[in-house]
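S.K.: quick one: sequence and predicted model below, then my questions.
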Amino acid sequence: MPIESGSSAAARQVKSKRKPHAISIRRTNSTEQERVSSQREMLEAQDSKLPTSIRQTLLELFGQIEREFENLYIENLELRREIETLNDRLTAEGQTVDGGDLSKGQLKAKASHSTSQLSQKLKTTYKASTSKIVSSFKTTTSRAVCQLVKEYIGHRDGIWDVSVTRLQPVVLGTASAASGDQTAHIWRYIVQLPTPQPVIDSNQMSGEEEVDFSDKDEADGEVECPSESPTVRAPTTTLKSHQGVVIAADWLVGGKQVVTASWDRTANLYDVETSELVHSLTGHDQELTHCCTHPTQRLVVTSSRDTTFRLWDFRDPSIHSVNVFQGHTDTVTSAVFTVGDNVVSGSDDRTVKVWDLKNMRSPIATIRTDSAVNRISVSVNQRIIALPHDNRQVRLFDMSGVRLARLPRSNRQGHRRMVCCTAWSEDNPICNLFSCGFDRQAIGWNINIAALLQEK
């Protein structure tokens, strides 16, 4: 058809015009790089109150902004040149569409459509570029409000869970691997945490380096256990009723009952004094991954690989109602209560969802991430969600889904493997957030919550 041959000719014409333009682009970039380098040297030579690392980071970020806009401008010129060439070709040859001549109105509409597509592409590119730059600024700022304080080393295998006492004295508990003998144990031992000593000043870091650690960084032999962690070998109570690995446990309000979750697809409610099974919570179609109790009410939420989480109500002894929630598309790795009327759930589908207990039909907020989310925790006072990820990151969000910060991670600090769990300890003046992972260590962090919320 005539329109096809004309388009091919126009395409060849556009292609032939691109070669010399590509050379000019390279020359422009080279000149621009020299100019940016010259400006950077001038700025560095000036007397500035900013630390060298921060000034260097700012220069790099502004350089990124300039390069992004230059690329957008060049792409804009390219696309507009193609549109003009095609329109001129179509007008000169009087080509037909569906058997009819192209009128000036049709040509104008076609050009308008092409321009609209160009505008949308520019908006999308601009949005992605500015989002990356803003994220870089946030990362730089977050180092000042999120600092690593202490690394707790002693386990010989990956750490699945970390928990902190809600009352004084503050006690940190960690769990390595799972209870493969199908039992849960209750231990009675109190030891106050020693005062952690800072191991590194995160403000001295020049940037976030994403470094993969080789196997030589983690020896296969035993890790030396610090003297500050005494060994207790005799539990006071053993809970036996599960037919599979026990993967999680939590206390009901009052401390007289405890709930456990297992790979046998059930959760069990026990009486602590007698060790007797009070209720077996059945209904999940696949293995359970987590269980959590409400801090002030007799409510339990269980998570499962069946992509659901379930809410169990024990406030009335004669009624044990259950609600099933299907808001995720992959394994629900955890679901936790907040002090208010909210439940926050995390999943391998890379989302975290905030739910209102009064209306659980749909989430009130959804957080989308770039990695699977493991056992989350929510601060009691400030309602900040700490998200541990498979990609070794820990991110902080508020309950409306706004990202607040990302904990520093580089070749000098942070987790080296998947982060499994987080736990808040807001009354601790030194370490108010803890995390643990498959790198066999737990980390205590100091989060300046006031500064974090002020930046928001």
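M.R.: Sure, I can see it. Nothing here was measured: the structure is a model prediction, and the numbers come from that model.

S.K.: how about the helices in the protein?
M.R.: Here the chain has its helices, by DSSP state H, at 2-45, 52-93, 104-145, 449-455.

S.K.: least reliable of those going by mean pLDDT?
M.R.: Per-stretch mean pLDDT for these is lowest at helix 2-45 (a mean of 50).

S.K.: grab the nearest non-local neighbour of residue 422.
M.R.: Take residue 422 and drop its neighbours on the chain: the residue closest to it by CB to CB, 6 or more residues apart in numbering is residue 386, 3.9 Å away. Backbone N, C-alpha and C define where each C-beta goes, glycine included.

S.K.: oh sorry, the question was meant for residue 314
M.R.: Residue 314 sits nearest to residue 298 (CB to CB, 6+ apart), 4.1 Å away.

S.K.: quick one: that neighbour from residue 329, how far?
M.R.: Per CB to CB, to the nearest Å, residue 298 is found 31 Å from residue 329.

S.K.: ok, the closest residue to residue 289 other than its chain neighbours - how many residues close by?
M.R.: Nearest residue to residue 289 in three dimensions, chain neighbours excluded: residue 303, at 4.8 Å (CB to CB, 6+ apart). Residues lying near residue 303 (other CB atoms under 10 Å) number 31.

S.K.: give the contact list for residue 303.
M.R.: Listed by CB atoms under 8 Å, 6 or more residues apart in numbering, the contact set of residue 303 reads 261, 288, 289, 290, 291, 309, 332, 333, 334, 335, 345.

S.K.: and the fourth one, what does it touch?
M.R.: Yep, that's residue 290 we're talking about. 247, 248, 261, 302, 303, 332, 333, 334, 335, 375.

S.K.: repeat that with 6 Å
M.R.: Residue 290 is in contact with 248, 303, 334, counting by CB atoms under 6 Å, 6 or more residues apart in numbering.

S.K.: show me what the first one is bridged to.
M.R.: What that stands for is residue 248. On the basis of DSSP bridges, residue 248 is bridged to residue 261.

S.K.: swap in the second one?
M.R.: With beta bridges defined as DSSP bridges, residue 303 has these partners: residue 290, residue 309.

S.K.: tell me which residues are up against stretch 171-186.
M.R.: Stretch 171-186 is contacted from outside by 155, 157, 159-165, 193, 235-240, 242, 245-247, 249, 260, 436, 442, using CB under 6 Å, 6+ apart.

S.K.: any of these buried? List them.
M.R.: The neighbour-count test (16 or more other CB atoms under 10 Å) marks 155, 159-164, 193, 239, 242, 245-247, 249, 260, 436, 442 as buried among the contacts of stretch 171-186.

S.K.: from the residues you listed, which land in strands?
M.R.: Under the assignment DSSP state E, the buried ones among the contacts of stretch 171-186 contribute 159-164, 239, 246-247, 249, 260, 436, 442 to strands.

S.K.: report the two of those separated the most.
M.R.: Spatially, the most separated pair among those is 239 and 442, at 24.6 Å (CB to CB).

S.K.: low-confidence bits of the stretch 151-300 of the chain, can you list those?
M.R.: Within the stretch 151-300 of the chain, the stretches with pLDDT under 70 are 189-230.

S.K.: so how far is residue 84 from residue 177?
M.R.: Residue 177 is 66 Å from residue 84, by CB to CB.

S.K.: would you map out the domains in this structure?
M.R.: Taking automatic domain parsing as the reference, the chain has its domains at 2-102, 148-225+232-455.

S.K.: pick the most deeply packed of those domains.
M.R.: Mean neighbours per residue, mean count of other CB atoms under 10 Å, is largest over these for domain 148-225+232-455, with a mean of 18.

S.K.: how about the contacts made by residue 148?
M.R.: Listed by CB under 6 Å, 6+ apart, the contact set of residue 148 reads residue 413.

S.K.: who's in contact with the residue nearest to residue 314?
M.R.: Residues near residue 298 by CB under 6 Å, 6+ apart: 252, 314, 315.

S.K.: and the first one, how far from residue 146?
M.R.: Distance check for residue 252 against residue 146: by CB to CB, it reads 33 Å.

S.K.: ramachandran angles for the residue nearest to residue 314?
M.R.: Phi and psi for residue 298, reported as degrees, to the nearest 10, are phi -80, psi 70.

S.K.: quick one: it from residue 336, how far?
M.R.: According to CB to CB, residue 298 stands 16 Å off from residue 336.

S.K.: do residue 376 as well
M.R.: From residue 376 to residue 336 the distance is 6 Å (CB to CB).

S.K.: intersection of neighbour lists for those two?
M.R.: Taking CB under 6 Å, 6+ apart as the contact rule, residue 376 and residue 336 touch no residue in common.

S.K.: surely residue 435 and residue 394 touch.
M.R.: Yes. With contact defined as CB atoms under 6 Å, residue 435 reaches residue 394; the gap is 5.4 Å.

S.K.: between those two, which contacts overlap?
M.R.: Common contact partners of residue 435 and residue 394 (CB under 6 Å, 6+ apart): 388, 419.

S.K.: returning to what we had before: bridged to the residue nearest to residue 422, which residues?
M.R.: Listed beta-bridge partners, residue 386: residue 377, residue 396 (assigned using DSSP bridges).
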